[in-house]
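K.L.:
show me how the following folds:
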Amino acid sequence: MFLTGIADEAGKSIDAQIRAHKDLGWSHVELRNIDGVNLTAVPDDVFDAICGKLEDAGIQVSCFASAIANWARPVTKDFQVDIDDLTRAIPRMHRLGTPFIRIMSYLNDPDNPVSEAEWRAEAIRRVKTLAQIAENGGVTLVHENCSGWGGLSAENSCILLAEVASPALKLVYDTGNPVSYGQDAWHYYQTVRDDIVYVHIKDAVRSPEGETTYTYCGEGEGRVRETIADLLASGYDGGFSIEPHLAAVPHTGQQADNEQLLYDSYTEYGRRLERIVEEVRPRTP
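P.N.:
Numbers count the residues shown, from 1 in each chain. Next comes the predicted model:
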């Protein structure tokens, strides 16, 4: 088991992201955006520089948090964009020794929605194609329970896995997303537990009006403590990756008031996760 985090929530630059993880004493990082550009899209020379800094710091990359099939790419939009992203990401993942790349499963188009049946069929078709590319490339897609057909319910996540039927498609379970979508977090977790290979740690409370407020881990309704305890008791040895959404929330456009606030809230979040893990970790007799 190891601790990691989606590092652009600590700072925009790779230097700030590495510094936060070094301050926490963590040897892994999950990379999403560097100076506002996703890791799969940065130019080759920028990627080379990022690799050099990570190597110098002794930091491993646990996952690429890609934009593939995410909330900004509805199921009606050009699929080639996602194919190109994954094709470009695979050699970069190999260079960094990164096993996982995070995906979602396509939002229904808010401007030109399709029927639920069409949405399901097209989302599954696309993810099946992506999984074949990933399998051929020797990497694993991890589907997040977020925006997209497969994140509508725990049952949809299971259907997606069964229909795609690829060893290159597994699940990253986000503890906070069920709260945001009005789902039962414990039911979702228990339903998909056997296919979880990676975990995003997020927490939140939801108002009666459906508004989401993000909290420090363990202070919301995401059942963070119980989920970590159950996973560790069952022998889980993968990553717990923080995604605080406190000072900044990328999908809503919320930005931190200043870089220090971003950095401080991220590192404090990491320390609180460390305390939870220590408290619930099974003890050897």
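K.L.:
which stretches in the stretch 1-150 of the chain count as helices?
P.N.:
14-24, 44-57, 80-96, 116-137 (DSSP state H, counting those that start in this stretch).
K.L.:
helices and strands around the third one, which ones?
P.N.:
With contacts defined as 3 or more C-beta pairs under 8 Å, 6 or more residues apart in numbering; DSSP states H and E, the packing partners of helix 80-96 are helix 44-57, strand 60-65, strand 100-105, helix 116-137. Placement of C-beta: from N, CA and C, glycine included.
K.L.:
quick one, what contacts S241?
P.N.:
The neighbourhood of S241, defined by C-beta atoms under 8 Å, 6 or more residues apart in numbering, consists of L3, T4, G5, I6, E30, S62, C63, Y198, V199, H200, I201.
K.L.:
format these as CSV; extra columns: pLDDT.
P.N.:
Formatted as CSV, the contacts of S241 follow (pLDDT from 0 to 100):
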residue, pLDDT
L3, 98
T4, 98
G5, 98
I6, 98
E30, 98
S62, 98
C63, 98
Y198, 99
V199, 99
H200, 98
I201, 98
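K.L.:
so of those, which ones are in strands?
P.N.:
L3, T4, G5, E30, S62, C63, Y198, V199, H200, I201 (DSSP state E).
K.L.:
so what pairs up with the nearest residue in space to the second one that is not next to it in sequence in the strands?
P.N.:
When you say that, I think you mean T4. Closest residue to T4 in three dimensions, ignoring its sequence neighbours and counting by C-beta to C-beta, 6 or more residues apart in numbering: H28, at 3.9 Å. The residues paired with H28 through beta bridges, assigned by DSSP bridges, are Q60.
K.L.:
touching, H28 and F2? I think so.
P.N.:
Yes - the criterion here is C-beta atoms under 8 Å, and H28 meets it with F2 at 5.4 Å.
K.L.:
so which of these two has more stuff around it?
P.N.:
Higher neighbour count among H28 and F2: H28, with 19 against 13, using other C-beta atoms under 10 Å.
K.L.:
which residues touch the more buried one?
P.N.:
For H28, the set of contacting residues under the criterion of C-beta under 8 Å, 6+ apart consists of F2, L3, T4, H21, I59, Q60, V61, S62, G239.
K.L.:
give me the buried subset of the residues you listed.
P.N.:
Buried by 16 or more other C-beta atoms under 10 Å: L3, T4, H21, I59, Q60, V61, S62, G239, out of the contacts of H28.
K.L.:
and the residue nearest to the fourth one when sequence neighbours are not counted, what pLDDT?
P.N.:
Leaving out its chain neighbours, the residue that sits closest to I59 by C-beta to C-beta, 6+ apart is V29, at 5.3 Å. Per-residue pLDDT puts V29 at 98.
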